[in-house]
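Asker: following is a predicted model, sequence given first.
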Amino acid sequence: MDENVLQHFRPDEAPLIDAIGGWIQQVQDEYRPVLTHFLNPRQVYIATTLARRADQHVRFSGGHEHAEMQRALFYPDYYEPTAKDFELTVLKVDYPVKFATLHHSQILGTLLGSGIEREILGDILTDGLNWQVITETSMADYLVGQVDHIGRVKARLQLDTWDDLLVPMNEWETEGATLSSLRLDNIVGTGFHLSRHRAKELIEGGKVRLNWAETLKPDFELDVADIVSVRGFGRIRLDEVGGRTKKEKIRVTLAVLQK
């Protein structure tokens, strides 16, 4: 990938940038649509940016309007994508609702423990009682056959219909802030109104994940569309990085989802 492109992103994002460049080139060479696995919000942002730069059509879908995890479909001029092109399936978690409680981390851990990668799974939805998992259609039967417990709870996955898709109960709250830096500990402290010291303790204690991957670096610099998960607190998404104030503080827009 062109060095002029790479300089706008983090060094660790180079493999993704190369992959996106390959998908775009494939569409242009073979003149057909190319469908990806699920991308997280930061990856969607990068794919959107690179597609726009290459004047390449791309569309995203994760099965519902506010999906975090989405598949990308890069396609040529002649093609008009439909919902079926994204090859998504929704699975219902069947468990004894009256006698057990499930959590997002339990469900995700069980699914990853079945031998699949995170990129195969879309969002895990709940209305507070019922749970659904969005996945790639090609993996749906495999997951149905693999799961018989979630944690210690007897449970199984069943094919569900899009007409019965749950409406998530959680809502993000958007707030503006001015920051001295985009360091991870600064974002965590600001989003959850914690001291920088407390935020640093959480990060170094393994309680924080960045874009679903563990990180132990309080000084890691965040960028647009990064999602931070803090165990026991919730999640923060960096939606926008604006200009600077007269005191050289950085204007940002954060979306916070309290646990």
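Answerer: Now that the structure is in, tell me what you want to look at.

Asker: show me where the stretch 101-250 of the chain has helices.
Answerer: For the stretch 101-250 of the chain, the helices defined by DSSP state H, counting those that start in this stretch occupy 104-113, 137-146, 184-191, 196-204.

Asker: those helices: which one's closest to residue 243?
Answerer: Set against residue 243 and scored by Cβ to Cβ, the helices of the stretch 101-250 of the chain come closest in helix 184-191, at 17.6 Å. All C-beta atoms are positioned from the backbone trio N, CA, C, and that covers glycine.

Asker: which other helices and strands contact the closest one?
Answerer: strand 173-179, helix 196-204, strand 208-210, strand 227-230, strand 234-244, strand 250-258 (3 or more Cβ pairs under 8 Å, 6 or more residues apart in numbering; DSSP states H and E).

Asker: just the residues contacting that helix, thanks.
Answerer: 177, 179-180, 194-196, 198-200, 202-203, 208, 210, 215, 217-222, 228, 230, 236, 238, 254, 256 (Cβ atoms under 8 Å, 6 or more residues apart in numbering).

Asker: drop anything exposed from the residues you listed.
Answerer: By neighbour count, with 16 or more other Cβ atoms under 10 Å, the contacts of helix 184-191 hold 179, 194, 199-200, 202-203, 208, 210, 218, 220, 222, 228, 230, 236, 238, 254, 256 as buried.

Asker: of all the helices of the stretch 101-250 of the chain, which lies closest to residue 32?
Answerer: Counting by Cβ to Cβ, residue 32 lies closest to helix 137-146 out of the helices of the stretch 101-250 of the chain; the figure is 18.0 Å.

Asker: state the mean pLDDT of that closest one.
Answerer: Averaged over helix 137-146, pLDDT sits at 96.

Asker: identify the residues contacting that helix?
Answerer: Counting by Cβ under 8 Å, 6+ apart, 87-89, 91, 111, 114-116, 120, 133, 135, 156-159 sit against helix 137-146.

Asker: would you list the helices and strands packed on helix 184-191 in CSV and tack on mean pLDDT and distance to residue 128?
Answerer: Conversion of those to CSV gives the following (pLDDT from 0 to 100; distance: least, Cβ to Cβ, whole Å):
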stretch, mean pLDDT, distance to residue 128
strand 173-179, 94, 18
helix 196-204, 96, 26
strand 208-210, 94, 23
strand 227-230, 95, 19
strand 234-244, 94, 15
strand 250-258, 94, 14
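
Asker: mind checking which of those is nearest residue 47?
Answerer: Closest among those, once you apply Cβ to Cβ, is strand 227-230, at 15.5 Å.

Asker: residue 94 touches residue 156, doesn't it?
Answerer: Yes. Counting by Cβ atoms under 8 Å, residue 156 is a contact partner of residue 94 at 5.2 Å.

Asker: what would the helices and strands packed on helix 184-191 look like in CSV with distance to residue 143?
Answerer: CSV is the format used below for the helices and strands packed on helix 184-191 (distance: least, Cβ to Cβ, whole Å):
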stretch, distance to residue 143
strand 173-179, 32
helix 196-204, 32
strand 208-210, 22
strand 227-230, 23
strand 234-244, 24
strand 250-258, 26
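
Asker: pLDDT score for residue 46?
Answerer: On pLDDT, residue 46 comes in at 96.

Asker: contacting residues for residue 120?
Answerer: Residues in contact with residue 120 (Cβ under 8 Å, 6+ apart) are 37-38, 135-136, 139.
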